[in-house]
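Colleague: okay, sequence plus prediction incoming.
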Amino acid sequence: MDTLQNMRVFVRVVEAGSFTAAAQSLNSTTGAMSRAVSELEAHLRTRLLNRSTRRLALTTAGERYLKRSQQILADVDIAEEEASCAHERPTGALRMHSFASIGQHYILPAISRYRTLYPEVTVELTLSQRIPDLFEGSADVAVIGASTLPNSDLVSFPLGATFSILCASPAYIRAHGAPQKPDELAHHECLILHTPAFPPHEWTLDGPNGSEIMEVDGPVHVNIAESLIVAIREGMGIGMVPLYSAISGLRDGTLVRVLPEYTAQKMNVYALYPSRKFIDAKTRTWVEFLRAHLPKVIARDEALLAEVGQTNSVGPMSADTGDGGNTAA
């Protein structure tokens, strides 16, 4: 039995004043109207209408049930209207998940700009280092970084590509010198960043000689790039840092770039969501906004890296100053 539909029939019969009038308004038959009300009464185990050949009269239980039914059906109509509008106008809570560093450097500033366009959207952002199960409904959209995506039923959109660089503190370079080529990293303290995207102890460096894979280990392991930055600034060693996390330290001189002719861990940034079907307006506009916005921000960071690269880097490309080649210390 379709309780909600039978409830609609019952309310319509009462409002129309007869089964015949209700059938005409609903483009149905008098018999179908009568059966629907009878099914509802059988389900409730109570009589709702007293019927005669001339008129219908509500029972006491029918009067109470009519009021409740009208309230419920009004709420259902509102819910359906809101859900339908959600596909047309961005509104409501957008639940997002992002890898922690990407979220802090790229997603939170993007949220600020997005909400100037769509102020009726509120945002619930969760930062972590795992890919959520979007099919369980914990988030509407996830933004992650990965070299490639595993096969899944998720819809994915590429938002841009970035990379990591090697950094140290001026104090570390003064104390230990700077490696001049990748294999010299074996003689340095290497700080390890654990992420879902790359093996932590395998650094793949892309440079003049193509790709070179270095097996590394060190005294400090972290799982958030911002924590790695702190360890590097404290002079604990050399770390492989995502470009977006390193830019600020390179610009203020608290970090220097090591082996500046090399980049590492090339990474694609993706937006993921569960389905192409019935995607709501806030999810659609958010992904569209990121696809237009994020490549520009990544390009900005690469331009900033080029600006600071000649002064805040140490290695074969920079002059040997006697303290590791650091001109920013």
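Modeller: Yep, that arrived.

Colleague: what about the residue most central in space within the chain, distance to V308?
Modeller: Here the mean C-alpha position of the chain is nearest to the C-alpha of A142 (C-alpha atoms, centre = their mean), at a distance of 2.7 Å. Counting by C-beta to C-beta, to the nearest Å, the separation of A142 from V308 is 32 Å. C-beta: built from backbone N, CA, C; applies to glycine.

Colleague: and S147, by the same measure?
Modeller: Counting by C-beta to C-beta, the gap from S147 to V308 is 26 Å.

Colleague: between these two, who's got more neighbours?
Modeller: V308 (20 against 12; other C-beta atoms under 10 Å).

Colleague: what residues does the more buried one make contact with?
Modeller: Shown here is V308, whose contacts under the criterion C-beta atoms under 8 Å, 6 or more residues apart in numbering are I247, L250, R251.

Colleague: so among those residues, which ones count as buried?
Modeller: Burial by neighbour count, judged by 16 or more other C-beta atoms under 10 Å, picks out I247, L250 from the contacts of V308.

Colleague: tell me how the protein divides into domains.
Modeller: What the record gives for the chain is the domain set 3-86, 94-158+269-298, 161-267+307-314, from automatic domain parsing.

Colleague: what is the burial count for L255?
Modeller: Taking other C-beta under 10 Å as the criterion, the count of residues near L255 is 27.

Colleague: just I279 next, same as before
Modeller: Residues lying near I279 (other C-beta under 10 Å) number 17.

Colleague: next one: A264
Modeller: Using other C-beta under 10 Å: A264 sits among 23 other residues.

Colleague: if we can go back for a sec, bridging residues for the residue nearest to the centre of the chain?
Modeller: Partner residues in beta bridges with A142, using DSSP bridges, are H97, L272.

Colleague: return the most buried member of the domains of the chain.
Modeller: Ranked by mean neighbour count under mean count of other C-beta atoms under 10 Å, the domains of the chain are led by domain 161-267+307-314, which reaches a mean of 19.
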